[in-house]
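1. turn this into a model:
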Amino acid sequence: MALVELLAPAGNLTKLKIALDYGADAVYAGLGQFSLRNRASKAFDLESFKEGVRYTHAKGKKFYATLNGFPFNAQIKLLEEQLLKLADCKVDALIIATPGVLRLAQKLTPHIPIHLSTQANVMNVLDAEAYYEMGVKRIVAAREMSLNDAVEIKKHLPDLELEIFVHGSMCFAFSGRCLISALQHGRVPNRGSCANDCRFDYEYYIKNPDTGVLMRLEEEEGIGTHILNAKDLNLASHIGAILDTKAIDAFKIEGRTKSSYYAAITTKTYRTAIDDYYRNQHRPALYQAELATLKNRGFSEGYLIKRPHQRLDTQNFKTAISEGDFQVSGEVLEDGWHFLCKFTTRPNEPYEVVLPYGAHLEPVANELGKLYSFEGKHYLCLYKIALENGQELESVHSGNTNPIKLPAKLPARTFLRTQHVLPHKD
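-> This is a model prediction of the structure:
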């Protein structure tokens with residue numbers, strides 16, 4: 001039985017390494033202006049992009065390149081150059097959104113498999129078959145597609161791979177086909193520069209056509225003004241039901257512009273849920289507790305399990321984004337002996353240790369502090385804050401770039417986090 005692939009976002013080289021450390025089978029990233037996330041693609045230049053591909057392949061994993069923007073005529077020459085650069089990088093697949101770009105890729109880089117972007121909005125057998133006949137190896141289904149529709153496509157086209165989004169931001173429009181940002185800012189969503197206008201706090205007015213007078217509409221108490229603000233997709237509790245259908249080949253996490261901590265936690269959580277399924281386990285409370293540590297807009301099951309008209313909980317009317325249950329306090333550096341402060345670090349306070357997937361922690365206690373386990377979780381407590389340069393501080397705050405010594409070596413890219421009250425064990 002082929003195992004489902006877990007595909008995680010690689011917003012930059014560091015996030016790429018984090019995604020792989022925390023359990024991704026593959027990563028996706030863009031280079032240049034034809035990616036659907038301009039900010040993320042600018043985090044890579046050609047050399048760091050090549051390094052990312054090499055690093056991914058050295059881990060035995062796959063690297064997919066996003067080329068899913070909607071180019072204008074004046075950009076076609078640049079697009080041709082981009083395709084040749086991606087081929088030189090030896091990416092494992094191209095994620096493409098339009099038939100024209102697909103044909104161009106087949107002409108210039110025929111050896112690279114094509115994955116059809118969710119931007120193509122495939123929701124049915126007819127469209128899936130048309131793209132399959134054009135040579136598409138995998139379709140990233142529209143977020144609006146139901147699981148039953150995925151099953152029907154798989155029955156009709158068993159050799160076509162199907163990929164679905166399981167976590168991340170949801171668009172108010174059909175899979176990103178929105179022009180609000182373009183109208184208000186000139187930033188075109190389908191060219192990678194969306195300003196996320198749907199997250200804004202809007203006020204409503206009515207205008208008297210005779211006098212031109214504007215009157216502000218009052219809102220119902222308890223209901224905010226974020227009428228376009230979709231909650232984040234979260235299907236962690238449904239991984240088993242989805243895999244039972246045997247229709248899905250890959251799970252995709254959205255979020256190339258989100259934090260390193262987001263890349264770690266989402267990847268590790270869905271890796272855990274997938275592996276639990278193959279071990280005949282199901283721990284939805286654990287998955288949701290981890291995902292709740294992230295900044296989010298509230299969570300929704302989206303449209304895969306139920307149709308839009310069957311549920312009224314997909315919009316967050318109160319706020320553009322909410323803080324998670326935890327605050328990231330530190331991130332362990334490449335050498336494993338030091339970490340950088342991300343919030344506030346004080347001596348004699350416990351910080352939970354979030355390890356890469358499959359890593360283990362051995363209890364340690366010395367003059368710097370201790371690493372210990374309590375009720376199935378791992379913690380760090382520093383007795384003193386000793387910097388790499390030998391200086392000692394009473395506390396360290398976010399923005400301080402001096403590496404802090406650890407009492408023992410931890411895996412690179414381990415995170416430290418805290419909430420208001422953490423258990424402490426002597």
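2. from here on, contacts and neighbour counts on C-alpha atoms
-> Noted.
3. can you tell me which residues contact V354?
-> Neighbouring residues of V354 by C-alpha atoms under 8 Å, 6 or more residues apart in numbering: H378, T414, F415, L416, R417.
4. let's see it at 10 Å
-> 261, 264-265, 268, 328, 331, 377-379, 413-417 (C-alpha atoms under 10 Å, 6 or more residues apart in numbering).
5. just the CA atoms of the helix or strand hosting S181, as CSV, please.
-> In this structure, S181 is located in helix 180-185 according to DSSP states H and E. Output in CSV follows, covering the C-alpha atoms of helix 180-185 (Å, rounded to 0.1, in the frame of the first residue of the first chain):
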residue,chain,number,x,y,z
ILE,A,180,-10.5,42.7,-3.9
SER,A,181,-6.8,43.3,-3.3
ALA,A,182,-6.3,44.3,-6.9
LEU,A,183,-9.1,46.8,-6.8
GLN,A,184,-8.0,48.4,-3.5
HIS,A,185,-4.2,48.2,-3.8
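6. mind giving me the packing neighbours of whichever helix or strand comes after that helix?
-> Later in the chain than helix 180-185, the nearest helix or strand by DSSP H and E is strand 205-207. Contacts defined by 3 or more C-alpha pairs under 10 Å, 6 or more residues apart in numbering; DSSP states H and E place strand 205-207 against strand 214-216.
7. ok, the strand it packs on: who's next to it in the sheet?
-> In the sheet, strand 214-216 lines up against strand 205-207 (antiparallel) (DSSP bridges).
8. any idea of the mean pLDDT for the longest strand belonging to the chain?
-> The longest strand of the chain (DSSP state E) is strand 161-168. Summarised as a single mean, pLDDT over strand 161-168 is 96.
9. buried sites along it?
-> Neighbour-count burial for strand 161-168 flags E161, L162, E163, I164, F165, V166, H167, G168 (criterion: 16 or more other C-alpha atoms under 10 Å).
10. which stretches in the stretch 101-250 of the chain count as strands?
-> 114-116, 138-140, 161-168, 205-207, 214-216, 232-234, 250-253 (DSSP state E, counting those that start in this stretch).
11. take the ones you listed and lay them out in TSV including distance to F343.
-> Formatted as TSV, the strands of the stretch 101-250 of the chain follow (distance: least, C-alpha to C-alpha, whole Å):
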stretch	distance to F343
strand 114-116	39
strand 138-140	37
strand 161-168	24
strand 205-207	41
strand 214-216	40
strand 232-234	25
strand 250-253	26
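12. by mean pLDDT, which helix or strand of the protein comes out lowest?
-> helix 38-41 (a mean of 51; mean pLDDT, DSSP states H and E).
13. same for the helix or strand following that one, what does it pack against?
-> Downstream of helix 38-41, the next assigned helix or strand under DSSP H and E is helix 46-58. Helix 46-58 sits against helix 13-21, strand 26-30, strand 62-67, helix 76-89, with contacts defined as 3+ C-alpha pairs under 10 Å, 6+ apart.
14. cheers, nothing more for now.
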